[in-house]
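> Provided below are the primary sequence and the corresponding predicted coordinates.
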Amino acid sequence: MKLSTSPIAAIATAPGRGGIGVVRASGKSLHELIATLFPGTKLTPRHATYIPFKAANGDVIDEGLALYFPGPHSYTGEDVLELQGHGGPIVLQMLLSRVLEAGAALDLRLAEPGEFTRRAFLNDKLDLAQAEAVADLIDASTEAAAKSASQSLSGAFSQVVHKLVDQTTNLRMLVEATLDFPEEEIDFLEKSNARGQLAVIIESLENVFRQAAQGALLREGLNVVLVGQPNVGKSSLLNALAGADVAIVTPIAGTTRDKVTETIQIEGIPLNIIDTAGIRTDEGIDVVERIGIERTWGEVGKADVILHLLDAGLGPSAADEDIVKAFPQGVPVVRVWNKIDLSGHKESIDVSADATHLYLSAHEKTGIGLLRAELLRIAGWQQTGESLYLARERHLIALRAAREHLDLARQHAAQDDQSLDLFAEELRLAQDQLSSITGRFTPDDLLGVIFSRFCIGK
Ligand code: GDP
Ligand code: ZN
């Protein structure tokens, strides 16, 4: 979608009632708009002016603060006007309508989702990874995720990516310069220590990838599905996991009545736990119940890990055998034997060939630490203490692809079979992949997809 460059406006604060609410406008020049909205008043740049917001007929809609940020020193890099009024949905809608009407002669229109941030990107106020971090910071569901998003927003992630691009480019230019002098090719790799330079780049790329992959965990979290017969202790286990040192965070949108989805966090990693209250496999259930069960199995399909709860005293029932058969292939399953306070087992974990068996008591809260550690292990979480980048899947894919091209480059630089032009070509491909992260070579349609996921007003 090609968006016009005419000025835009939108309500920038979240829908609903709030102490204050903000209407924001951005455009190449907002002088006329300001003159129409506030006749006879001059807004001092970057200073708050307390002022009535009036309708065209002079009626006062609200009063509040007007803030004017002349471009390029603004969020979008254009002129930006912010009107802070009271945060009621109706009053903000009236204020927005007034702004749109006052800007009609300038072609002022309602902003598309993410369009303010998109303009900030197009005007080089932010690169693409930073623009994505804006959305991720707003959507962060744990403190650790927010911290990493803010790290990416500050440009720390972009900087390490830029550094990799620069190192790769320098090496490639060195190689390409040599291509014009075939008699020197043979010694070139030795003399310039090209292999050594490449090894250094690959090592830094691996570090960045690890920090990004860990950060991605903070963003995506882990989908955990709890299955087991009624009364085996699923709800109790959920509560125990969510206990004292684990904060309950927002429930996931789209939670239906048939399943309970709760997001808890362990060491900052969101765990989306789906309690599949009483999956039954027996015949003779009604249609409504069947739909509920089918939906539950749909959730099981999206699981990163399945916790299959069993009664340590009773052992598996016939229904449990059926459930196990229906588990999707390839998803790790932990058999959690509950109620060891009744059965007399000790808390323990046993990773045997067929499955992981974990003995605990949800009620007595023994063995819960073992389960938390096992979930973190399955998630691939390593506590390194280094700062993480709240990377997206897109970033990880690009980093991985860059890594593959660098590996190919290494092969073309091998002692016995060296081919400098292929070496240079692989470096160029790696460089393109890395650049796509910060947006230097990102196609328009991908930009459209990225920004359309923002809300209006961002
Ligand atoms: P759900 O139907 O699978 O969600 O099971 P609940 O969590 O509702 O638990 C069913 C019953 O088992 C409740 O009375 C719990 O107090 C009890 N229960 C759960 N875990 C334990 C445990 O570890 N030990 C004992 N003794 N009772 C438990
Ligand atoms: Zn329950």
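Everything's here; your move. Ligands and ions are numbered 1, 2, ... in the order given.
> pull the helix or strand with minimum mean pLDDT from this structure.
None of the helices or strands of the chain scores lower by mean pLDDT, DSSP states H and E than helix 287-301, at a mean of 65.
> can you give me the neighbour number for the residue of the stretch 1-150 of the chain found nearest ligand 2?
When scored by CB to the ion, the stretch 1-150 of the chain has residue 141 as its residue closest to ligand 2, at 23.7 Å. Yep, even glycine has a C-beta here, placed from its N, CA and C like the rest. Residues lying near residue 141 (other CB atoms under 10 Å) number 18.
> how much space between it and residue 226?
For residue 141, the distance to residue 226 equals 19 Å [CB to CB, to the nearest Å].
> where does the residue nearest to residue 105 when sequence neighbours are not counted land in three-state SS?
Counting by CB to CB, 6 or more residues apart in numbering, residue 105 lies nearest to residue 32, which is 7.0 Å off, once chain neighbours are set aside. At residue 32, secondary structure determined by DSSP: H, G, I helix; E, B strand; the rest coil is helix.
> what about residue 32, distance to residue 104?
Going from residue 32 to residue 104 by CB to CB gives 11 Å.
> ok, these two, which is more surrounded?
More crowded of residue 32 and residue 104, by other CB under 10 Å: residue 32, with 15 against 11.
> the residue of the stretch 51-200 of the chain found nearest ligand 1: what secondary structure?
The stretch 51-200 of the chain approaches ligand 1 most closely through residue 141 (24.3 Å), counting by CB to the nearest ligand atom. Following three-state DSSP, we place residue 141 in the coil state.
> now do the SS call for residue 46.
Three-state call for residue 46 (three-state DSSP): coil.
> OK, contacts around it?
Contacts here follow CB atoms under 8 Å, 6 or more residues apart in numbering; on that basis residue 46 touches 67-69, 73.
> repeat for residue 65
Neighbouring residues of residue 65 by CB under 8 Å, 6+ apart: 48-51, 82-84.
> tell me the two of these that are most distant?
Farthest-apart pair in the contacts of residue 65 is 50 and 82; separation 13.4 Å (CB to CB).
> look at the two and report which has more neighbours.
Shown here are residue 50 and residue 82; by other CB under 10 Å, residue 82 has more neighbours (19 against 9).
> which residues are in contact with the closest residue in space to residue 7 that isn't next to it in sequence?
Among residues not flanking residue 7 along the chain, residue 27 sits closest, at 2.6 Å (CB to CB, 6+ apart). By CB under 8 Å, 6+ apart, residue 27 lies in contact with 6-8, 33, 78-79, 103, 106, 108.
> go with 10 Å
By CB atoms under 10 Å, 6 or more residues apart in numbering, the residues touching residue 27 are 5-9, 33, 71, 76, 78-81, 103, 106-108, 119.
> near ligand 1, which residues of this protein?
Proximity of the chain to ligand 1, by CB under 6 Å from any ligand atom, involves residues 228, 230-236, 338-339, 341-342, 361-364.
> just the buried residues of those residues.
Using 16 or more other CB atoms under 10 Å as the burial test, the residues of the chain next to ligand 1 include 228, 232-234, 236, 338-339, 341, 361-363 as buried.
> leaving out sequence neighbours, find the closest residue to the residue nearest to the spatial centre of the chain.
By CA atoms, centre = their mean, the chain has its centre lying nearest to residue 219, at 4.4 Å. Leaving out its chain neighbours, the residue that sits closest to residue 219 by CB to CB, 6+ apart is residue 390, at 5.1 Å.
> that older thread, please narrow the buried ones among the residues of the chain next to ligand 1 to those residing in helices.
Judged by DSSP state H, helices contain the following of those: 234, 236, 341.
> around ligand 2, pick out the residues from this structure.
Neighbours of ligand 2 within the chain, by CB under 5 Å from the ion: 234-235.
> the domain parsing of the chain - what is it?
The chain breaks down into these structural domains: 8-126, 134-216+392-439, 221-379 (assignment by automatic domain parsing).
> neighbours around residue 121, how many?
Neighbours around residue 121, by other CB under 10 Å: 24.
> so which of the buried ones among the residues of the chain next to ligand 1 is the closest to ligand 2?
Of all those, residue 234 has the smallest distance to ligand 2: 4.9 Å, by CB to the ion.
> was I right to think that closest one contacts residue 227?
Yes: using CB atoms under 10 Å, residue 234 is in contact with residue 227, at 7.9 Å.
> and the host helix or strand of residue 216, how far out from the chain's middle?
Assigned by DSSP states H and E, residue 216 belongs to helix 194-220. From the chain centre to the centre of helix 194-220 is a distance of 18 Å (CA atoms, centre = their mean, to the nearest Å).
> counting by contacts, list what it packs against.
Contacts defined by 3 or more CB pairs under 10 Å, 6 or more residues apart in numbering; DSSP states H and E place helix 194-220 against helix 128-139, helix 143-153, helix 156-179, helix 182-192, strand 269-275, helix 368-379, helix 393-412, helix 420-438.
> average pLDDT for it?
Average pLDDT, helix 194-220: 90.
> show me what counts as buried in it.
Those would be 194-195, 197-198, 201-202, 205, 208-209, 211-220, for helix 194-220 by 16+ other CB under 10 Å.
> re earlier: among the contacts of residue 46, who's most crowded?
Highest neighbour count within the contacts of residue 46: residue 68, with 22 neighbours (other CB under 10 Å).
> help me confirm that residue 119 comes into contact with residue 79.
No: counting by CB under 10 Å, residue 119 stays clear of residue 79, with 11.2 Å between them.
> out of the two, which sits in the busier spot?
Between residue 119 and residue 79, residue 119 has the larger neighbour count (other CB under 10 Å), namely 25 against 22.
> which neighbouring elements make contact with the strand or helix carrying the more buried one?
Counting by DSSP H and E, the element that carries residue 119 is helix 115-122. For helix 115-122, the elements it packs on are strand 8-11, strand 18-27, helix 128-139, helix 444-452, judged by 3+ CB pairs under 10 Å, 6+ apart.
> given the first one, what are its sheet partners and their directions?
Strand 8-11 has the following sheet partners, assigned by DSSP bridges: strand 18-27 (antiparallel), strand 109-110 (parallel).
> can you list the weak-confidence ranges in the chain?
The chain contains residues with pLDDT under 70 at 1-2, 181-189, 244-260, 276-297, 384-386, 415-417, 441-443.
> apart from its chain neighbours, what residue comes closest to the residue in it that ligand 2 sits nearest to?
Closest to ligand 2 within the chain is residue 235: 3.3 Å, counting by CB to the ion. Of all residues beyond its chain neighbours, the one nearest residue 235 is residue 275 (6.5 Å), with distances taken as CB to CB, 6+ apart.
> need the contact list for the one you found.
So residue 275 contacts 224-228, 234-235, 237-238, 259-262, 296, 299, 307 (CB under 10 Å, 6+ apart).
> give me the number of residues near residue 191?
Should you count by other CB under 10 Å, residue 191 turns out to have 10 residues around it.
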